[in-house]
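Novice: Based on what follows, work out the 3D shape:
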Amino acid sequence: MLKRNLALRLCFVFTAISSYSQTIEKTVTIQQPKSGASRYYYVPFEVPTGTKSLSVSYTYDKKNGDNVLDLGLFDSGFDEAGKSVEGFRGWSGGRRNTVFIAKNEATNGYLPARIPPGKWQVILGLYKVVPTGVEVKLTIGLNEIDKEAGAERNSENAAVFNFEKMAHVSPTTINGLTWYRGDLHMHSFNSDGNWTLASFLDYAEANNLDFIGVTDHNTTSHHAELNQLSPKHCGLLVMRGEEVTTYGGHCPGWIRSRFGMERGTQPTRWR
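Specialist: This next block holds a predicted model:
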């Protein structure tokens, strides 16, 4: 009984300690990648059990644009040796200097969910590096949400867009073929765009579009919200997409998520 009580107390103490704010600072020097070499640099850090949120920020000398490094995160589910994409938690490219993840909220472009313990990885994309290399300073805050990152997310999600609504025009049929209007290449605040997902859907319907595909760069963080929003737009085919962006080229792809082309009908779920 004494051993059991002692074990419970130790467990409680460990959990309480791990829930305190902690700061990890790392400095790495990255050399200019050789031709044909990987353009991604991984920086591991340990996340203790009981962590509820984390923030990551990075700074480096941009050399007037000659150094450009992109930012992303993998959690402890990532298998670096097997090059698995399991554990992917988000990508912001070069747009942001600081990001955060918590169970129920995250920087746009990142996936909110529980914070599993173990080895996480900051991934730095080496878009441009000067011949002499670049020093990168990383600051990782455990159990804290960076104020700048939190304010940025709140500002983006609160953005309001006003636009005129056009008179409804049905799709055109010519020689037995029906032509539908749409946009298959759209970027929101989840990557390098400046629109909310809700504004995309409102604008599409207001301008007589029949389908849209949201293809934010290297992330699926917009998919869950699109699934929540699309039932409110039964006359619009909403496709979840992603623009896979590498330093050798880009490739967009789409998934039919919900469908209801007749206005007023219930959407059908696609798998």
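Novice: And the strands in the stretch 101-250 of the chain, which stretches?
Specialist: Applying DSSP state E, counting those that start in this stretch to the stretch 101-250 of the chain gives strands spanning 118-128, 134-142, 172-174, 177-179, 182-186, 211-214, 237-246, 249-259.
Novice: For those, could you give me JSON lines that also reports distance to Asp66, mean pLDDT and mean neighbour count?
Specialist: All C-beta atoms are positioned from the backbone trio N, CA, C, and that covers glycine. Below are the strands of the stretch 101-250 of the chain laid out as JSON lines (distance: least, C-beta to C-beta, whole Å; pLDDT from 0 to 100; neighbours: other C-beta atoms under 10 Å):
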{"stretch": "strand 118-128", "distance to Asp66": "6", "mean pLDDT": "97", "mean neighbour count": "19"}
{"stretch": "strand 134-142", "distance to Asp66": "9", "mean pLDDT": "98", "mean neighbour count": "18"}
{"stretch": "strand 172-174", "distance to Asp66": "50", "mean pLDDT": "94", "mean neighbour count": "9"}
{"stretch": "strand 177-179", "distance to Asp66": "46", "mean pLDDT": "95", "mean neighbour count": "9"}
{"stretch": "strand 182-186", "distance to Asp66": "29", "mean pLDDT": "95", "mean neighbour count": "15"}
{"stretch": "strand 211-214", "distance to Asp66": "32", "mean pLDDT": "96", "mean neighbour count": "24"}
{"stretch": "strand 237-246", "distance to Asp66": "20", "mean pLDDT": "93", "mean neighbour count": "20"}
{"stretch": "strand 249-259", "distance to Asp66": "22", "mean pLDDT": "69", "mean neighbour count": "14"}
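Novice: Low-confidence regions, the protein specifically.
Specialist: Applying pLDDT under 70 to the chain flags the ranges 1-19, 82-84, 256-271.
Novice: can you list the domains in it?
Specialist: 21-157, 172-269 (automatic domain parsing).
Novice: Now for the most centrally placed residue in the chain: which residues touch it?
Specialist: What sits nearest the mean C-alpha location of the chain, by C-alpha atoms, centre = their mean, is Gly109, with 2.0 Å. For Gly109, the contacting residues are 90-92, 95-96, 99, 189-191, 216, 219, 221, by C-beta atoms under 8 Å, 6 or more residues apart in numbering.
Novice: repeat that with 7 Å
Specialist: Applying C-beta atoms under 7 Å, 6 or more residues apart in numbering to Gly109 gives the contacts 90-92, 190-191, 219, 221.
Novice: For stretch 95-114, which residues meet the burial criterion?
Specialist: 95-102, 106-112 (16 or more other C-beta atoms under 10 Å).
Novice: cool, stretch 59-69 as well?
Specialist: 60, 67-69.
Novice: Show me those that map onto strands.
Specialist: Taking DSSP state E, the ones among the buried residues of stretch 59-69 that sit in strands are 60, 68-69.
Novice: all helices for the stretch 151-271 of the chain, in order.
Specialist: Remark: helices assigned in the stretch 151-271 of the chain by DSSP state H, counting those that start in this stretch are 197-206, 223-229.
Novice: So what touches the first one?
Specialist: Outside helix 197-206, the residues within contact range by C-beta under 7 Å, 6+ apart are 161, 163, 165-166, 186, 188, 212, 214, 222, 225-226, 229, 233, 235-236, 238.
Novice: which of these count as buried?
Specialist: Here, 16+ other C-beta under 10 Å leaves 186, 188, 212, 214, 222, 225-226, 229, 233, 235-236, 238 buried among the contacts of helix 197-206.
Novice: one step back: closest to Ala151 among the contacts of helix 197-206?
Specialist: Ser188 (18.5 Å; C-beta to C-beta).
Novice: Return the residues in contact with the closest one.
Specialist: Contacts of Ser188 (C-beta under 7 Å, 6+ apart): 195-197, 200, 214, 216, 222.
Novice: Let's see if you can find the most crowded of those.
Specialist: Val214 (29 neighbours; other C-beta atoms under 10 Å).
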